[in-house]
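S.K.: mind looking at a prediction? Sequence and model below.
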Amino acid sequence: MTYDRLVCANCAAPVSEGRCPVCRANRERLQQEGPLASLTPAALAALLIVLIAAVAVLATRTA
């Protein structure tokens, strides 16, 4: 999940603004996560489907 959509429970402001120490800490934590952490479940499912289709195409070409 990206931090630009999150709302802080401490100050009720967007986490991306970093108004309070809790926001700033969570923003830092989210920025340090890997590139796949920001993918949505729908994007991960689409990536998995594309990967399975590519493997199926390669399997039919080599057989």
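M.R.: The structure has been received and is ready for your questions.

S.K.: from here on, just use CA atoms for contacts and neighbour counts.
M.R.: Fine.

S.K.: select the longest helix from the chain.
M.R.: Ordering each helix of the chain by length in residues (DSSP state H) puts helix 41-62 first.

S.K.: what's that one packed up against?
M.R.: On a contact count with 3 or more Cα pairs under 8 Å, 6 or more residues apart in numbering; DSSP states H and E, helix 41-62 meets no helix or strand.

S.K.: for that helix, what is the distance to the chain centroid?
M.R.: 20 Å (Cα atoms, centre = their mean, to the nearest Å).

S.K.: check the gap between the nearest residue to C23 once chain neighbours are set aside and Q32 for me.
M.R.: Distances taken as Cα to Cα, 6 or more residues apart in numbering put V15 closest to C23, at 4.9 Å, once the chain neighbours are dropped. When distance is defined by Cα to Cα, to the nearest Å, V15 is 15 Å away from Q32.

S.K.: higher neighbour count, those two?
M.R.: V15 (24 against 10; other Cα atoms under 10 Å).

S.K.: that one against P21, yeah?
M.R.: No. The criterion here is Cα atoms under 8 Å, and V15 misses it with P21 at 10.2 Å.

S.K.: need the contact list for N10.
M.R.: For N10, the residues meeting the contact criterion (Cα atoms under 8 Å, 6 or more residues apart in numbering) are 20, 22.

S.K.: next one: the closest residue to C11 other than its chain neighbours, what pLDDT does it get?
M.R.: Closest residue in space to C11, ignoring its immediate chain neighbours: C20 at 6.8 Å, by Cα to Cα, 6+ apart. You'll see C20 listed with a pLDDT of 91.
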